[in-house]
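Q: dropping the sequence and predicted coords here.
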Amino acid sequence: MNILMEVSAAAGASANNFPVSFTLVYVVGFIAAVTLGSIAWYNSKRPPGWEDKDRPDVVPKVDK
């Protein structure tokens, strides 16, 4: 039983040393996906009810 507890403790200690670079890649990737998705959505055909709405100033116009 002590062996299982030692293995569990060792695995828990190594789980806390997750590289920060992996976390940064996921965070930056998520922000990029949301930003590019928002630009694509604002430049797409407007859904019903949104045809007369103005594009936000921060969203660049993308020509086809």
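A: The structure has been received and is ready for your questions. Residues are numbered from 1 along each chain as shown.

Q: C-terminal to the helix or strand of the chain with the lowest mean pLDDT, what's the next element?
A: Each helix and strand of the chain was given a mean pLDDT (mean pLDDT, DSSP states H and E); the minimum falls on helix 2-15 at a mean of 59. Counting by DSSP states H and E, the element after helix 2-15 in chain order, helix or strand, is helix 20-43.

Q: elements contacting that next one?
A: Packed against helix 20-43 by the contact rule (3 or more Cβ pairs under 8 Å, 6 or more residues apart in numbering; DSSP states H and E) you find no helix or strand. C-beta: built from backbone N, CA, C; applies to glycine.

Q: what lies in contact with that helix?
A: Residues outside helix 20-43 that contact it (Cβ atoms under 8 Å, 6 or more residues apart in numbering): 55-56, 59-62.

Q: the same query, at a cut-off of 6 Å, please.
A: With contacts defined as Cβ atoms under 6 Å, 6 or more residues apart in numbering, helix 20-43 is touched by 55, 59, 62.

Q: could you say which of these is surrounded by the most neighbours?
A: Across the contacts of helix 20-43, neighbour numbers were computed from other Cβ atoms under 10 Å; Val59 holds the maximum, 14 neighbours.

Q: from Val27, how far out is that one?
A: Between Val59 and Val27 the distance is 22 Å, computed by Cβ to Cβ, to the nearest Å.

Q: ok, now how distant is Lys61 from Tyr42?
A: Following Cβ to Cβ, the distance that separates Lys61 from Tyr42 is 9 Å.

Q: apologies, that question was intended for Asp54.
A: When Asp54 is compared with Tyr42 (using Cβ to Cβ), they lie 10 Å apart.
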